[in-house]
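Chemist: Please find the sequence and the predicted model below.
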Amino acid sequence: MTDSRAPLDASSLAALLPDGSRVGPISVTGTTGSTNTDLADAFRADPGTADRTVLLAEEQVTARGRLGRRWSAPAGAQVIMSVLLRPSAGEVPPARLGELPLLIGVAVAEAARGTGVDARLKWPNDVVVLDGPAHGPGDDARPASPYGYRKLAGILVEAVSLDPAAVVVGVGLNASITAEEFARAGVEAGTSLAVEGATMQTVQDRRALAAAELSRILEVDRAWRDGGEALERLRHRYRELSATLGTRVRAELPGGERLTGTAVDLDGQGGLVVATDDGGRRTVTAGDVVHLRPVSGAGSTGAKD
């Protein structure tokens, strides 16, 4: 059996991508602080860094999620990847940048679903599995999470430069982390493909998993840049996979403000439209929200948050 945490190899991963994939150089590092930071620094040092440059890491020790949250996992237990996107001048309207994390979420969720796991999307930047029995060895009796879902992957999209345009897309997908490892780390609402009973041959071969994820990210990037029907299909798929739309939520905003209501839609820039309890409607953006929780609970999940 393949060692699921064996080091990745860039050349063999690249060989698994579909023919015609428009990808830049791919490299793999062992331990790093943050692949997003590494790629951003590379671009700042050399603005000629190629479009769609890809960096993977076996382990991140000072990685950041949304709002600067920290997270970590055993080396080799995730697919940790960052991709530098450099759309040409005028190729992507600035208003479209805000929905990129949501669209990347579709790519990551679809890669996870390809392993047999029912991955869903929590607005704005998490891939989750809704509560239900786990399918990994010894995990059948796990308690319900505090939120009604467990976090499978997190996404962090950062604009590095506006002129020239440069965006770093970072993803951390939990592959082989066990329930025992989550428990030892004090992560009460995290999960992994292995815990959720993914097709084990896929989890064992992280190259295939990383290639599937990267190829879908590249597809999303093309649709994001090109617009049109492909982009509309992605937006529709996000709604189909959403674990947030149609549910009652509490948005915690800066300054201590709380907004409670039902998440009913997304606007054209990735903002969440909430039908508030006072009968109005309000759109919140990822930059506005400190926490977005189901009305029934609150807390922390692991992966990239």
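Modeler: Nice, I can see it. The shown structure was predicted, so the numbers you read here are calculated from the model rather than taken from an experiment.
Chemist: contacting residues around the strand or helix carrying Leu55?
Modeler: Here Leu55 sits within strand 53-60, counting by DSSP states H and E. Under the criterion Cβ atoms under 8 Å, 6 or more residues apart in numbering, residues 7-8, 10, 13, 23-35, 38-39, 42, 72-76, 79-84, 172, 210, 214 lie in contact with strand 53-60. Heads up, the C-betas are built off the backbone N, CA and C, glycines and all.
Chemist: Just the buried residues from those residues, in ChimeraX please.
Modeler: Applying 16 or more other Cβ atoms under 10 Å to these, the buried members can be selected in ChimeraX as follows:
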select :8,10,13,23,26,28,29,32,34,35,38,39,42,73,75,76,79,80,81,82,83,84,172,210,214
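Chemist: taking the contacts of strand 53-60 one by one, which sit in strands?
Modeler: 26-32, 79-84, 172 (DSSP state E).
Chemist: ranges for the strands of the stretch 101-250 of the chain?
Modeler: 120-122, 126-130, 149-162, 165-174, 248-252 (DSSP state E, counting those that start in this stretch).
Chemist: As JSON lines, these with mean pLDDT and distance to Arg237 would be great.
Modeler: Shown next, in JSON lines, are these (pLDDT from 0 to 100; distance: least, Cβ to Cβ, whole Å):
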{"stretch": "strand 120-122", "mean pLDDT": "97", "distance to Arg237": "9"}
{"stretch": "strand 126-130", "mean pLDDT": "96", "distance to Arg237": "13"}
{"stretch": "strand 149-162", "mean pLDDT": "94", "distance to Arg237": "15"}
{"stretch": "strand 165-174", "mean pLDDT": "96", "distance to Arg237": "17"}
{"stretch": "strand 248-252", "mean pLDDT": "92", "distance to Arg237": "21"}
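Chemist: ok, Arg5 - contacts?
Modeler: Counting by Cβ under 8 Å, 6+ apart, Arg5 touches Pro74, Ala75, Gly76, Ala77, Ser176, Arg206.
Chemist: count of neighbours near the fifth one?
Modeler: This points to Ser176. Per other Cβ atoms under 10 Å, the neighbour tally for Ser176 reads 24.
Chemist: these two touch, right, it and Val195?
Modeler: No. Shown here, Ser176 and Val195 do not form a contact pair, counting by Cβ atoms under 8 Å, at 9.0 Å.
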